[in-house]
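**Student:** Here you go, sequence then predicted model.
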Amino acid sequence: MNLILKEFQTAEFIQNRALQSTARVVVFPETVVFRWSEATDLFWEDSLKKLAAAGKTVLVGAGVALPGSAKYHNAVIIRGSTTESLLQRIPVPIGMWNPLTNGGVPMGLHGTGIMRIGGQRAVILICYEQFLTWPILSSAPLQPNILIGIANDHWAPHSNIPPIRLILLRLWARLFAIPYLKVFLAAKTAFSSGFRNFTTVGMRIFIVHRPNSANGASTCCPHRSTLAFALNANHTSVALK
């Protein structure tokens, strides 16, 4: 019962933040919702209608169960003024993708990483994909004009993996000269309830940045057509206009 209550509180928190934000595009990290289904759409229906009426779009990291199996997709659910789903193309080998078992996340090398979001052609890299060349290089010919990297770092509290991932995200943005948005659930040693307890731990979501090709530094990129939502550990919101 406690787990169900936490998932309910998480859903309420995400919906309220999305509705309260002045941004047109609201982004939340990987797997902040355990499983998304038709029942989730029904539960969120009123909030999603309000978001659509306001011209807002929300991106939520979630698992999507595959009917008739123990497998699931690691996905970004896009709702509001846009209704789409983007599936992770390359999950972590063994840890998530394991062809020797009946569970885990299937591989989808030829899936799309591009979505039209808030008037932008966004390439979305989910966690492990930010370490690899194939996801970004296969999307580059489609000429994205913003890069969104989402992740959940709760499993790596004492690891160098999260900072390395962020460095790589900046490098991809610099290579293709596009702004980037990094959105991740921060690692904590006391993360006893995993992502379901994220509201008490806090998310680290950063504003859109454009890499400076001259010196590699990142500068804030509040250009007219890009709106993003930022939520720090104190649950305060920042929007680009």
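**Tutor:** In hand now; what should we look at? This one's a predicted model, so the numbers in the text were calculated from it and none came from an experiment. Numbers count the residues shown, from 1 in each chain.
**Student:** Which helix in the protein has the most residues?
**Tutor:** helix 2-20 (DSSP state H).
**Student:** counting contacts, what elements does it pack onto?
**Tutor:** If contacts are counted by 3 or more Cβ pairs under 8 Å, 6 or more residues apart in numbering; DSSP states H and E, helix 2-20 sits against strand 33-35, helix 45-53, strand 57-65, helix 198-201, strand 229-231. The C-beta positions use only the backbone N, C-alpha and C, and glycine is treated the same way.
**Student:** mind putting the ones you listed in TSV, mean pLDDT included?
**Tutor:** TSV is the format used below for the helices and strands packed on helix 2-20 (pLDDT from 0 to 100):
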stretch	mean pLDDT
strand 33-35	93
helix 45-53	97
strand 57-65	95
helix 198-201	31
strand 229-231	36
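**Student:** helix or strand for Ala173, which one?
**Tutor:** Assigning secondary structure by DSSP states H and E places Ala173 in helix 161-176.
**Student:** Next SSE downstream of that helix?
**Tutor:** The helix or strand immediately downstream of helix 161-176 is strand 180-185, counting by DSSP H and E.
**Student:** Can you give me the separation between Gly63 and Met96?
**Tutor:** Distance of Gly63 to Met96, given as Cβ to Cβ, to the nearest Å: 10 Å.
**Student:** Mind listing the shared neighbours of those two?
**Tutor:** Jointly contacting Gly63 and Met96 under the rule Cβ atoms under 8 Å, 6 or more residues apart in numbering are Asn74.
**Student:** Any chance of the helices and strands packed on helix 2-20 in a markdown table with distance to Gln120 and mean neighbour count as columns?
**Tutor:** Shown next, in a markdown table, are the helices and strands packed on helix 2-20 (distance: least, Cβ to Cβ, whole Å; neighbours: other Cβ atoms under 10 Å):
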| stretch | distance to Gln120 | mean neighbour count |
| --- | --- | --- |
| strand 33-35 | 23 | 18 |
| helix 45-53 | 17 | 15 |
| strand 57-65 | 10 | 23 |
| helix 198-201 | 26 | 17 |
| strand 229-231 | 14 | 23 |
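**Student:** for these, which one sits closest to Gln15?
**Tutor:** Comparison of the helices and strands packed on helix 2-20 against Gln15 by Cβ to Cβ identifies helix 45-53 as nearest, at 4.1 Å.
**Student:** Show me what that closest one is packed against.
**Tutor:** helix 2-20, strand 57-65, strand 70-80.
**Student:** Which one of these lies nearest to Leu125?
**Tutor:** strand 70-80 (10.1 Å).
**Student:** Just checking: what are the partner strands of the closest one?
**Tutor:** Using DSSP bridges, the strands paired with strand 70-80 are strand 57-65 (antiparallel), strand 84-87 (antiparallel), strand 103-104 (parallel).
**Student:** Can you give me the buried ones in it?
**Tutor:** Residues 71-80 are the ones in strand 70-80 that count as buried (16 or more other Cβ atoms under 10 Å).
**Student:** Stretch 101-112 too?
**Tutor:** Result for stretch 101-112 [16+ other Cβ under 10 Å]: buried residues 104-106.
**Student:** so which of those residues would you say is closest to Arg35?
**Tutor:** Nearest to Arg35 out of these is Val105 (Cβ to Cβ; 12.7 Å).
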